[in-house]
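Undergrad: generate a structure from the sequence data that follows.
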Amino acid sequence: MPANHNDQDFLDILNLLTVDQLKPRFKSCPAAGTAPARKAELVNAMKTWLSGNGLALVWQSLSPLEQQAVRTSLYSSDGWFDERRFEVEFGALPSWFTERYHYYHTPAEQYKLGWFFYPPGRNQSGQRIPDWLQERLISLVSPPEPARLLPDELPASQPANMVIVERERAAARELRLMLVLLQEGKLKVSDKTGLPGKALLQKISTRLEEYYPDAPCEDAPGVAHIKAFGWIMLLQASRWVQRQAGRLVLTSEGLGQMSAPLHQTLRHLWLDWLDSQILDEFSRIDIVKGQTGKGAKSLTPVPDRRHAIAAALTEAPAGGWVSYPALSRFILVGGHEFEITEDVSTLYLCERHYGTLYHAEWEVLQGRYLRCVLMEYAATLGLIDVVLVPPQQPEPDYGYMWGADDVYCLSRYDGLLYVRLNALGAYCLGLTRDYEDPSASQRTPLTMQKGGRLGFSQPPTEAEQLLIEGFADALGEHGWQLSGEKMLTLLENGGSLEPLRDFIAKRDPQPFLPEDSEQLLVSCEGNARAVAVAGSRLLLHCRDEQTATAIAAHPLTANLCQTAGDNRLLIEPRREQDFRQALHQAGYGMV
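TA: Purely as a prediction, here's the structure:
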């Protein structure tokens with residue numbers, strides 16, 4: 001923009017202010033001299049003072065906090081002062097932004113920032129450094145240090161209820177379990193919403209090491225099923241899984257993942273979930289109402305929020321703990337901030353009129369969403385390890401809000417204290433090219449015996465035990481029995497026995513399986529699709545066999561039914577009305 005244009009723009013901004021608004025600015029710097037009485041002279045005097053050495057003098061007289069306000073606005077937001085971001089980063093606002101309206105009670109010293117910040121125009125809100133001033137400040141004000149996430153030490157004195165949850169290896173074991181449940185056709189969700197029922201969540205949670213095995217807070221329903229819910233939604237977001245009549249099944253492409261390295265599958269699940277839109281995780285913050293109807297139209301795109309958080313995680317120190325407050329603050333000040341809604345007034349607690357979240361702070365909305373993504377998705381997939389306490393907060397950060405007086409927590413995720421990006425997370429986020437799974441190379445020797453029995457020479461690893469569980473039943477401490485029922489169930493749902501064959505071949509030195517065991521596998525593979533559902537039929541009972549034979553042979557009804565032995569007939573449900581009409585014409589009735 002040409003300099004002379006900026007000159008005039010700055011004069012226009014000064015002229016928008018009244019004398020009562022200009023004089024305190026001028027008087028805040030005694031070196032500027034006596035403030036002229038007339039507005040035109042006052043405007044020219046201020047511009048002349050800032051054109052010379054006055055700008056440097058005012059800058060040097062600012063407090064460190066005030067200088068940070070100028071520096072961050074100049075370099076981070078095109079001159080605009082972001083109150084929310086600044087207060088989160090520095091813990092307080094300069095007095096100018098809280099006291100400038102109290103003309104007769106505010107010391108002149110607090111008006112020094114008024115030399116730098118002005119309303120951008122008539123009837124426009126906010127405070128901004130005009131372009132004319134920005135040109136002069138660039139050479140005077142050094143850029144701020146870039147925001148960085150630094151590793152932190154866990155407190156030496158840890159609360160008795162604090163737990164460290166390492167997820168890197170556990171996630172691979174749980175993924176194998178979920179894939180087995182998929183093959184068995186046991187993952188059922190609502191056809192309408194895609195959400196799992198409470199009974200399924202409880203069943204899966206008993207086989208997972210949930211963050212909270214019990215429900216430690218009455219204001220956090222579902223806290224005992226966080227990982228179970230996360231796994232189901234992550235699988236639904238994958239290109240390898242589809243919903244059929246309320247049941248999650250693997251696609252033909254997904255069947256190949258049964259034998260793929262688990263860390264690669266975890267990475268693909270993460271990448272697919274980032275761009276999926278099957279669920280807005282903010283809906284998991286149950287206490288916040290107004291997310292449907294009019295409020296739903298204002299919610300921001302979910303993938304944008306997820307990608308912002310993923311980008312922030314790429315800057316986390318690999319292998320080092322980071323406190324949750326530090327991570328949340330970094331997302332806001334490090335260029336990864338996101339919004340939940342474009343109209344926060346649509347969201348509320350308890351009651352729409354009184355409980356509006358119009359003045360909600362970052363931690364109330366963005367912070368709860370961030371905690372949900374970290375615990376229910378990133379940690380569930382094994383990208384991060386976490387440190388947790390029960391979700392109820394001894395010093396809540398929402399006590400100022402109407403309707404939250406008697407609430408122990410705002411979400412089931414409020415107990416998150418620390419996160420740590422592990423090696424699997426670095427791989428899934430693209431920070432490393434490959435990942436070495438420490439459990440993949442562990443192979444416990446076994447012997448395939450007659451009768452379909454498998455005997456391990458020592459206790460198998462958890463990953464081995466989880467895989468074999470999908471094909472066999474436990475017989476004791478180290479023994480297993482191949483289960484024809486389990487294998488047929490897997491094959492019926494599109495699965496394969498190749499992972500089992502590969503598993504045995506890498507652990508049993510015998511060149512061939514025992515004959516009866518091989519026969520069992522071949523029989524299951526050959527008979528898995530021996531019977532196919534051709535469609536539903538209505539079974540009709542006639543009064544006697546002669547009547548059934550007569551109707552089946554009658555020219556009007558012969559093409560609409562078929563005999564089913566004795567005095568029974570079968571018809572297609574969709575042709576029931578046609579059959580009834582033809583039956584009447586043939587001289588028979590049907591009740």
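
Undergrad: just the pLDDT for the residue lying closest to residue 87 once chain neighbours are set aside.
TA: Leaving aside its sequence neighbours, residue 87 sits nearest to residue 93 (C-beta to C-beta, 6 or more residues apart in numbering; 5.5 Å). Any C-beta I mention is one placed from the backbone N, CA and C, and that applies to glycine too. Note on residue 93: pLDDT of 91.

Undergrad: where are the low-confidence patches of the stretch 51-200 of the chain?
TA: Residue ranges of the stretch 51-200 of the chain with pLDDT under 70: 99-108.

Undergrad: residue ranges for the helices of it, please.
TA: For the stretch 51-200 of the chain, the helices defined by DSSP state H, counting those that start in this stretch cover 54-61, 64-76, 83-90, 96-99, 131-137, 168-183, 198-205.

Undergrad: need the ones you listed in a markdown table with distance to residue 145, can you?
TA: Listed next are the helices of the stretch 51-200 of the chain as a markdown table, based on distance: least, C-beta to C-beta, whole Å:
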| stretch | distance to residue 145 |
| --- | --- |
| helix 54-61 | 18 |
| helix 64-76 | 10 |
| helix 83-90 | 11 |
| helix 96-99 | 22 |
| helix 131-137 | 18 |
| helix 168-183 | 32 |
| helix 198-205 | 45 |
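
Undergrad: for residue 479, list each beta-bridge partner.
TA: Note on residue 479: beta-bridge partners by DSSP bridges are residue 455.

Undergrad: which ones are touching it?
TA: Neighbouring residues of residue 479 by C-beta atoms under 8 Å, 6 or more residues apart in numbering: 453-456.

Undergrad: surely the residue nearest to residue 87 touches residue 82?
TA: No - Residue 93 lies out of contact with residue 82 (C-beta atoms under 8 Å); the separation is 10.8 Å.

Undergrad: among those two, which residue is more densely surrounded?
TA: residue 82 (19 against 15; other C-beta atoms under 10 Å).

Undergrad: residues near residue 177, how many?
TA: 18.

Undergrad: ok, it to residue 281 distance?
TA: Residue 177 sits 23 Å away from residue 281, going by C-beta to C-beta, to the nearest Å.

Undergrad: residue 50 against residue 137, yeah?
TA: No - if you go by C-beta under 8 Å, residue 50 and residue 137 don't touch, sitting 10.0 Å apart.

Undergrad: pLDDT weak spots in this structure?
TA: 1-5, 99-108, 256-259, 394, 438-441, 462, 466, 493.

Undergrad: in it, which residue is most central in space?
TA: In the chain, the centroid-proximal residue (C-alpha atoms, centre = their mean) is residue 373; its distance is 3.4 Å.

Undergrad: how close does the spatially closest residue to it that is not a sequence neighbour get to residue 61?
TA: If the residues on either side of it in the chain are set aside, residue 373 comes closest to residue 309, at 5.4 Å by C-beta to C-beta, 6+ apart. Counting by C-beta to C-beta, the separation of residue 309 from residue 61 is 40 Å.

Undergrad: before we move on, the earlier item: A helix includes the residue nearest to the centre of the chain, no?
TA: Yes - looking at residue 373 with DSSP: H, G, I helix; E, B strand; the rest coil, it is inside a helix.

Undergrad: ok, how many other residues are close to residue 353?
TA: Counted with other C-beta under 10 Å, residue 353 comes out at 7.

Undergrad: quick check: the gap between it and residue 402.
TA: Distance, residue 353 to residue 402, using C-beta to C-beta: 10 Å.

Undergrad: what distance do you get for residue 451 to residue 510?
TA: Taking C-beta to C-beta, one finds residue 451 at 15 Å from residue 510.

Undergrad: over to residue 73?
TA: Relative to residue 510, residue 73 is positioned 74 Å away (C-beta to C-beta).

Undergrad: which residue sits closest to residue 450, ignoring its sequence neighbours?
TA: Residue 450's closest residue in space is residue 514 (C-beta to C-beta, 6+ apart), at 4.7 Å.

Undergrad: again with residue 540
TA: residue 569 (4.4 Å).

Undergrad: what's the burial count for the residue nearest to residue 373?
TA: 20.

Undergrad: residue 385 contacts residue 169, doesn't it?
TA: No - look at residue 385 against residue 169 with C-beta under 8 Å: they stay out of range, at 10.4 Å.

Undergrad: what sits against residue 247?
TA: Applying C-beta under 8 Å, 6+ apart, the residues contacting residue 247 are 185, 187-189.

Undergrad: would TSV of those residues with distance to residue 297 and neighbour count be doable?
TA: Written out in TSV, the entries for the contacts of residue 247 read as follows (distance: C-beta to C-beta, whole Å; neighbours: other C-beta atoms under 10 Å):
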residue	distance to residue 297	neighbour count
185	37	18
187	32	22
188	31	16
189	26	19
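
Undergrad: can you tell me which of those is nearest residue 15?
TA: residue 189 (63.0 Å; C-beta to C-beta).

Undergrad: quick check, the closest one in contact with residue 195.
TA: Yes - applying C-beta under 8 Å, one finds residue 189 in contact with residue 195, separated by 6.0 Å.

Undergrad: what's the closest non-adjacent residue to residue 163?
TA: residue 388 (5.5 Å).

Undergrad: surely the residue nearest to residue 373 meets residue 377?
TA: No - using C-beta under 8 Å as the test, residue 309 is too far from residue 377 to be in contact (9.4 Å).

Undergrad: how close does residue 586 get to residue 245?
TA: For residue 586, the distance to residue 245 - C-beta to C-beta - is 37 Å.

Undergrad: more crowded one of the two?
TA: Neighbour tally, residue 586 and residue 245, criterion other C-beta under 10 Å: the higher count belongs to residue 586, 14 against 7.

Undergrad: would you mind measuring from that one to residue 539?
TA: Counting by C-beta to C-beta, the gap from residue 586 to residue 539 is 20 Å.

Undergrad: same check, this time on residue 233
TA: On the measure of C-beta to C-beta, residue 233 and residue 539 end up 41 Å apart.

Undergrad: what do you get for residue 58?
TA: Counting by C-beta to C-beta, the gap from residue 58 to residue 539 is 93 Å.

Undergrad: how about the strands in the stretch 451-591 of the chain?
TA: 453-456, 472-474, 479-482, 538-541, 562-563, 568-571 (DSSP state E, counting those that start in this stretch).

Undergrad: in TSV: those, plus distance to residue 334.
TA: TSV is the format used below for the strands of the stretch 451-591 of the chain (distance: least, C-beta to C-beta, whole Å):
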stretch	distance to residue 334
strand 453-456	49
strand 472-474	50
strand 479-482	51
strand 538-541	66
strand 562-563	72
strand 568-571	68
